[in-house]
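**Student:** Could you work out the structure for the sequence below:
(one chain, ligands or ions: 2)
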Amino acid sequence: MFWIILWISVVIFILVEGILIFSIARYRERPGMPNPFQRHGNMTLELIWTVIPTLVLFVILFFTIRGLLQVAPENEPAPTAAQPRIEVTAIGHQWWWEFHYPNYNVTTADTLEVPVNATIHVNLFSNNVIHSFWVPALTGKTDLVPGHENKKWFVAEKEGTYLGICAEYCGTQHANMRFNVKVVSSDAFKSWMSTQQQAAVSPTDSLAQKGQELFKNQCASCHGIVGVNVKQYYDTQKECTDAPGGKANGTPECQLGPNLTHFGSRSLIAGGVLDNNADKCNPNNPNLLQECNLAKWLKDPQGVKPGNDMAIGELTNDQIQQLVAYLEGLK
Ligand code: HEC
Ligand SMILES: [Cu+2]
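**Tutor:** Ligands and ions are numbered 1, 2, ... in the order given. Okay, the predicted model is just below:
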C-alpha cells in the first residue's frame with residue numbers, strides 16, 4: 001500500500017510541478033505585456049479537477065480496505081500438539097515489563113521467552129497508566145488499560161530475539177521501557193522453564209553470601225527472590241490491584257521492583273536501559289564499576305534511568321561487588 005500510494009504521488013508530483021515550472025518559464029511577464037485573460041467559473045475545468053482527485057482517492061481507498069482486511073485479527077487457533085498454547089500475562093510498570101506465566105507459576109522481567117510455532121496468548125495488565133505492547137517484527141500494538149482486560153495472541157515462526165517496546169507514552173522513562181521476545185525451540189523452552197520454576201540457588205562463596213545478606217536487608221522490600229524473601233512467584237495482576245483484597249505495593253505478594261530469582265540468566269537490566277553483560281561482571285574484575293553494567297546500575301540507578309522507582313541510598317564499592325557476585329550467580 002505504501003509503494004502504491006508513493007508511486008501515485010510521484011506521478012502527480014511530477015505532473016503538477018512540471019506544468020507549474022513550464023508555465024513560470026513560458027508565460028512569465030515580459031516588458032509591455034497586457035494583463036492576462038481573466039478566466040472565471042469554467043465548468044469543464046472545475047469538473048476535471050474535482051473528478052480526477054476523487055478517482056485517485058477511490059483507488060487509494062480500495063488498497064486501504066484490502067490492507068485492513070489483510071491485517072484484521074483472526075480467531076485464536078485451538079491448541080494442538082504441533083501448535084500448543086502458552087499463556088502469559090504482560091504487566092506494564094512505570095517503566096519496565098513483567099511477565100507472569102500463570103500455568104507455570106513463574107514471574108520474570110524484561111525478556112518474554114516463548115517456544116517457536118506456539119500460540120502465545122498475552123493478557124495485558126496495568127494498574128498504573130496506559131502502556132502499549134508492541135513487537136514490530138511479531139505483532140502489532142495493543143494497549144494495556146488500567147481497569148480493562150485486553151488480550152492478544154501471536155505466533156513466532158522463527159527462532160531469534162525480537163525487540164519489543166512500549167508504544168504509548170507513559171512517563172519520563174517511556175523510551176526506556178523495552179523488552180525482548182526470545183523465541184526458542186520447544187525443548188529449550190521446557191528446560192528454561194524448569195530452571196525458572198526452581199527457587200534461587202544458595203550462594204556458596206563468601207562474597208555472594210554477603211551479597212545475599214545485603215539483599216535481605218536493603219533490597220527485599222522492593223524485590224522478590226524465591227527461596228529468600230518470598231515463598232513463591234507472585235502474580236501481580238491478581239495481587240497488586242486497587243480492588244478490595246488487593247495488596248499494596250511493598251507487601252511480599254506485591255513488590256515494587258522486578259523479581260530477581262534468576263536475574264543472572266537475564267539479558268537486560270531495567271527495561272533495557274542497560275544490557276546485563278555478565279561476562280564483564282566477574283566480581284574480581286578490577287574495572288567492575290566501569291565495565292559491568294549491573295555494577296553501574298547499582299552504583300547510581302537514578303543517574304542511569306532518572307526518575308525510576310528504585311530510590312536507594314548510596315552503596316559502597318564493596319557492597320556493589322558483593323551484590324554483583326550474588327545476583328549474577330542467580331542463573
Ligand atoms: C524502593 C524500591 C527498590 C529498592 C529498595 C531496590 N530496588 Fe532495585 N529496582 C526497583 C525498581 C522499581 C526497578 C525497575 C526500575 C525500572 O526499570 O524502571 C528495579 C530494578 C532493579 C534491577 C534490574 C532488574 C531487571 O530485571 O531489570 C536490579 C538488578 C535491582 N533493581 C537490584 C536491586 C538491589 C541489589 C537492591 C538493594 C541494594 C535494590 N534493587 C533495591 C526498586 C527497588
Ligand atoms: Cu509504558
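
**Student:** going forward, measure contacts between C-alpha atoms and count neighbours the same way
**Tutor:** Noted.

**Student:** so after the top helix by length along the chain, what's the next helix or strand?
**Tutor:** Counting residues, the longest helix found in the chain (DSSP state H) is helix 43-71. On the C-terminal side of helix 43-71, the closest following helix or strand by DSSP states H and E is strand 85-93.

**Student:** Show me how far that next one is from its chain's centre.
**Tutor:** 12 Å (CA atoms, centre = their mean, to the nearest Å).

**Student:** Could the C-alpha coordinates of that strand be exported in PDB?
**Tutor:** Taking C-alpha atoms only, strand 85-93 is exported to PDB below (Å, rounded to 0.1, in the frame of the first residue of the first chain):
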ATOM      1  CA  ARG A  85      -0.900 -22.500  23.600                       C
ATOM      2  CA  ILE A  86       1.300 -20.600  26.100                       C
ATOM      3  CA  GLU A  87      -0.500 -18.200  28.300                       C
ATOM      4  CA  VAL A  88       1.400 -15.200  29.700                       C
ATOM      5  CA  THR A  89       0.400 -12.000  31.400                       C
ATOM      6  CA  ALA A  90       2.400  -8.900  30.400                       C
ATOM      7  CA  ILE A  91       2.300  -6.400  33.200                       C
ATOM      8  CA  GLY A  92       3.200  -2.800  32.400                       C
ATOM      9  CA  HIS A  93       5.000  -0.900  35.100                       C
END
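
**Student:** Listing partners with orientation, what would you give for that strand?
**Tutor:** In its sheet, strand 85-93 lies beside strand 96-101 (antiparallel), strand 119-126 (parallel), with partners assigned from DSSP bridges.

**Student:** Wondering if that strand reaches ligand 1 at all.
**Tutor:** No. Strand 85-93 lies apart from ligand 1 when judged by CA under 6 Å from any ligand atom; the minimum separation is 7.6 Å.

**Student:** Name the surrounding residues that touch that strand.
**Tutor:** 78-79, 97-103, 114, 118-128, 131, 144, 236-237 (CA atoms under 8 Å, 6 or more residues apart in numbering).

**Student:** So for stretch 222-235, what gets flagged as buried?
**Tutor:** Residues of stretch 222-235 classed as buried by neighbour count (16 or more other CA atoms under 10 Å): Cys222, His223, Gly224, Ile225, Val226, Val228, Val230, Gln232, Tyr233, Tyr234, Asp235.

**Student:** Among the strands paired with strand 85-93, which comes closest to ligand 2?
**Tutor:** The closest of the strands paired with strand 85-93 to ligand 2 is strand 96-101. By CA to the ion, the value is 7.3 Å.

**Student:** how about the residue of the stretch 51-200 of the chain found nearest ligand 2, what does it touch?
**Tutor:** Closest to ligand 2 within the stretch 51-200 of the chain is His131: 4.1 Å, counting by CA to the ion. Listed by CA under 8 Å, 6+ apart, the contact partners of His131 are Gly92, Asp143, Leu144, Val145, Cys166, Ala167, Glu168, Tyr169, Cys170.

**Student:** Against ligand 2, which of those residues make the cut? List them.
**Tutor:** For ligand 2, the contacts drawn from those by CA under 5 Å from the ion are Cys166, Cys170.

**Student:** Of the contacts of His131, which is the nearest to Ser265?
**Tutor:** Nearest to Ser265 among the contacts of His131: Gly92, at 21.4 Å, using CA to CA.

**Student:** Got phi/psi on the residue of the stretch 51-200 of the chain closest to ligand 2?
**Tutor:** With angles defined as degrees, to the nearest 10, His131 sits at phi -120, psi 170.

**Student:** For Gln196, give me its contacts.
**Tutor:** Going by CA under 8 Å, 6+ apart, the list of residues near Gln196 reads Val106, His262.

**Student:** mind checking how far it is from ligand 1?
**Tutor:** Remark: distance between Gln196 and ligand 1 (CA to the nearest ligand atom, to the nearest Å) = 14 Å.

**Student:** Could you check the pLDDT of that residue?
**Tutor:** At Gln196, the model reports a pLDDT of 94.

**Student:** Same check on Tyr27?
**Tutor:** If you check Tyr27, the pLDDT there is 89.

**Student:** Likewise for the one 10 residues further on?
**Tutor:** In the predicted model, Phe37 carries a pLDDT score of 84.

**Student:** Distance of it relative to Tyr27?
**Tutor:** 12 Å (CA to CA, to the nearest Å).

**Student:** Now the residue nearest the centre of the chain, what are its backbone angles?
**Tutor:** Note on the chain: the residue nearest the mean C-alpha position is Ile165, at 2.6 Å, using CA atoms, centre = their mean. As for Ile165, its main-chain torsions (degrees, to the nearest 10) stand at phi -140, psi 160.

**Student:** List the beta-bridge partners for it.
**Tutor:** Trp134, Arg178.

**Student:** Verify the stated contact: it with Trp134.
**Tutor:** Yes. Between Ile165 and Trp134 there is a contact under CA atoms under 8 Å: 5.5 Å.
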